[in-house]
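Enquirer: Prediction below, plus the sequence it came from.
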Amino acid sequence: MSISPSSANASDRFSAYSYRSSSTSYMSTARASEDISPCVVSDTESDKDLMIHSLNESLNIHKEILEKIHSEKEAHISKLECERQKELYEIEQTKQLLEEQMDRYNKLDAAYHVLLKELDTRKEDYQRMESKFYAHVKTIRATDDDLSTIHQELSHLASQLNNLCMGLKSRMDIDAASTYLYAFYKDQQDLMRQHLNSLPQPVQDEKKEVATSMEPNPPLDSPSSSSSSSSSLSAIQDDKDTDDQPVLSHPIRFEPRHVTMLTEKLVMDHLLAAIFDQPLHIGISVNSAYRDVTEWMSRYNMPWADRLRQQMSSLVANQAIYEEKDVIELATLALIDQLLNHLGHLYPVLQKLDHKDTLNQKKKIEAIVTRAARLSLAMQGQDIKVGHPRIQPGTPFDSQLMKPVGKGKTDGNVLFAITPPFIATDPNDQEHGFTIHAKVFCI
């Protein structure tokens with residue numbers, strides 16, 4: 001415990017006061033002794049000595065107290081001085097450490113600004129490289145589209161097609177449409193009569209159809225898939241079964257929702273055959289030759305085949321599409337007339353070529369065909385090939401590739417696919433790509 005200077009001064013004053021009190025007491029005693037008669041002088045000598053001895057002891061005690069207070073004071077002052085020196089040393093050490101930290105901070109700050117400047121330079125270099133790269137890609141790609149825009153365009157195309165078929169629903173001739181669609185899809189007639197027909201069917205046909213429905217169906221994208229696809233779409237090329245309304249031995253009638261789904265399927269099948277399945281582009285004169293070359297090249301060097309596909313699609317988009325404009329327009333108009341002819345058997349009002357509804361629907365069909373043709377060319381120019389595998393009847397439902405429509409069973413097998421899946425997969429980056437689910441009706 002430290003003693004303040006004020007406490008030390010108080011102790012000095014107390015000692016001086018005690019000394020004066022003792023001196024005063026001694027003087028009073030001396031005076032009293034002078035007044036005493038000589039007879040008692042001898043008795044008081046011993047008292048004087050005792051008093052003197054008592055005063056001496058008192059003085060010694062006060063002296064010891066003063067010395068102790070002084071020593072404690074000196075010790076306290078020395079302790080305070082030591083603490084002060086220690087604090088000064090710590091302050092000096094802190095200042096030195098702070099200076100070192102500030103020096104290190106300044107060096108790091110300078111290095112940070114150098115790196116920041118270098119980063120800005122690298123960013124500028126990267127932006128220049130990126131712009132050059134995209135400029136280079138644009139010279140290869142047929143259009144400026146990438147996978148994200150193609151994804152959106154495919155969704156818009158599907159929406160346009162669905163809106164077209166739903167808008168025609170009120171103009172439907174259910175009996176004529178059922179008979180025509182039943183005759184058009186010859187390879188699925190038994191299953192259609194069994195699962196879609198709303199009229200009673202003969203018993204002997206039921207046995208035959210049950211046996212047919214039990215036969216195994218080819219899997220997705222099997223060799224028989226392509227052959228059945230080409231055979232089912234042979235009518236698209238010659239239109240033999242579209243000139244006259246077919247006559248059936250047993251009448252058939254579908255529900256309006258089934259007719260609408262099959263109409264959408266019919267239009268999509270034509271778009272696939274005439275546009276998306278073409279090696280390069282609808283109407284181009286070198287389609288067949290390019291198919292042979294790319295199939296041969298793919299057997300030896302697939303990257304070269306992909307590069308050739310991009311370059312050829314770019315050539316078509318930037319030059320050939322203008323030089324072969326007439327043949328492309330003829331092929332496009334032929335497809336539009338073909339679709340309008342098919343739809344006329346389902347919706348008789350469209351057979352009146354000058355009718356307002358016919359002209360409106362023709363414009364919608366033209367918009368769909370134009371979008372599909374442009375979209376197909378954009379798909380051909382991508383680094384990753386966008387595929388559209390066919391889904392065969394009888395294929396088990398797969399939620400990763402399909403979505404059910406028309407109140408179909410999600411745990412059954414596909415009766416028919418309205419639209420195929422569109423798949424773009426990058427083998428080097430699983431997140432780069434997309435999948436548009438096929439619309440299927442399951443039983």
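Expert: Looks like it arrived, so ask away.
Enquirer: For this structure, which helix or strand comes out least confident on mean pLDDT?
Expert: Every helix and strand in the chain was compared by mean pLDDT, DSSP states H and E; the lowest is helix 223-232, with a mean of 37.
Enquirer: Give me the domain ranges for this structure.
Expert: Using automatic domain parsing, the domains assigned to the chain come out as 5-108, 145-442.
Enquirer: how much space between Glu324 and Asp145?
Expert: 21 Å (C-beta to C-beta, to the nearest Å). Yep, even glycine has a C-beta here, placed from its N, CA and C like the rest.
Enquirer: which stretches of the protein form strands?
Expert: 402-404, 414-419, 422-426, 429-436, 438-442 (DSSP state E).
Enquirer: Bridging across strands, which residues link to the residue nearest to Lys409 when sequence neighbours are not counted?
Expert: Leaving aside its sequence neighbours, Lys409 sits nearest to Cys442 (C-beta to C-beta, 6 or more residues apart in numbering; 4.8 Å). Cys442 forms beta bridges with Val414, as assigned by DSSP bridges.
Enquirer: Quick check, Cys442 in contact with Ala417.
Expert: No: contact criterion C-beta atoms under 8 Å: Cys442 and Ala417 do not qualify, at 10.0 Å.
Enquirer: Tell me which of the two has more neighbours.
Expert: Ala417 (24 against 21; other C-beta atoms under 10 Å).
Enquirer: and that one, what is it in contact with?
Expert: By C-beta atoms under 8 Å, 6 or more residues apart in numbering, the contact set of Ala417 is 265, 390-391, 402, 438-441.
Enquirer: Go through those and name the one nearest Ala320.
Expert: Arg390 (28.3 Å; C-beta to C-beta).
Enquirer: What count of nearby residues applies to that closest one?
Expert: 21.
Enquirer: what's the answer for the one 4 residues further on, then?
Expert: Applying other C-beta under 10 Å, we find 17 residues neighbouring Gly394.
Enquirer: how much space between it and Leu415?
Expert: From Gly394 to Leu415 the distance is 8 Å (C-beta to C-beta).
Enquirer: which residues of the stretch 301-443 of the chain fall in helices?
Expert: Assigned by DSSP state H, counting those that start in this stretch, the stretch 301-443 of the chain shows helices spanning 302-315, 321-323, 325-346, 356-380.
Enquirer: again with the stretch 151-300 of the chain
Expert: 174-184, 189-195, 203-213, 223-232, 234-238, 256-271, 287-298.
Enquirer: Averaging pLDDT over each of the ones you listed, report the lowest-scoring one.
Expert: For the helices of the stretch 151-300 of the chain, mean pLDDT drops lowest on helix 223-232, to a mean of 37.
Enquirer: who touches the residue nearest to His432 when sequence neighbours are not counted in this structure?
Expert: Of all residues not flanking His432 in the chain, Asp426 sits nearest, at 4.1 Å (C-beta to C-beta, 6+ apart). Shown in contact with Asp426 (C-beta under 8 Å, 6+ apart): 384, 432-433.
Enquirer: Which of those residues has the largest number of neighbours?
Expert: Ile384 (18 neighbours).
Enquirer: Surely that residue and Asn428 touch.
Expert: No: using C-beta under 8 Å, Ile384 makes no contact with Asn428, being 9.6 Å away.
Enquirer: And the helices of the stretch 301-443 of the chain, which one averages the lowest pLDDT?
Expert: Minimum mean pLDDT among the helices of the stretch 301-443 of the chain: helix 321-323, a mean of 77.
Enquirer: what comes up buried for it?
Expert: Neighbour counts over helix 321-323 (16 or more other C-beta atoms under 10 Å) mark Ile321 as buried.
Enquirer: what packs against that helix?
Expert: Counting contacts by 3 or more C-beta pairs under 8 Å, 6 or more residues apart in numbering; DSSP states H and E, helix 321-323 packs against no other helix or strand.
Enquirer: give the contact list for the nearest residue to Glu329 once chain neighbours are set aside.
Expert: Distance criterion C-beta to C-beta, 6+ apart; nearest residue to Glu329, sequence neighbours excluded, is Gly283 at 7.6 Å. Counting by C-beta under 8 Å, 6+ apart, Gly283 touches 324, 327-332.
Enquirer: Neighbour count and distance to His76 added to those residues, as CSV?
Expert: Output for the contacts of Gly283, formatted as CSV (neighbours: other C-beta atoms under 10 Å; distance: C-beta to C-beta, whole Å):
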residue, neighbour count, distance to His76
Glu324, 18, 110
Val327, 13, 114
Ile328, 20, 109
Glu329, 12, 112
Leu330, 13, 116
Ala331, 20, 112
Thr332, 19, 109
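Enquirer: Pretty sure Ala372 is one of the things Leu157 touches, is it not?
Expert: Yes: counting by C-beta under 8 Å, Ala372 is a contact partner of Leu157 at 6.0 Å.
Enquirer: between the two, who's got more neighbours?
Expert: Just comparing Leu157 and Ala372: by other C-beta under 10 Å the higher neighbour count belongs to Ala372, 26 against 21.
Enquirer: Perfect, I'm done here.
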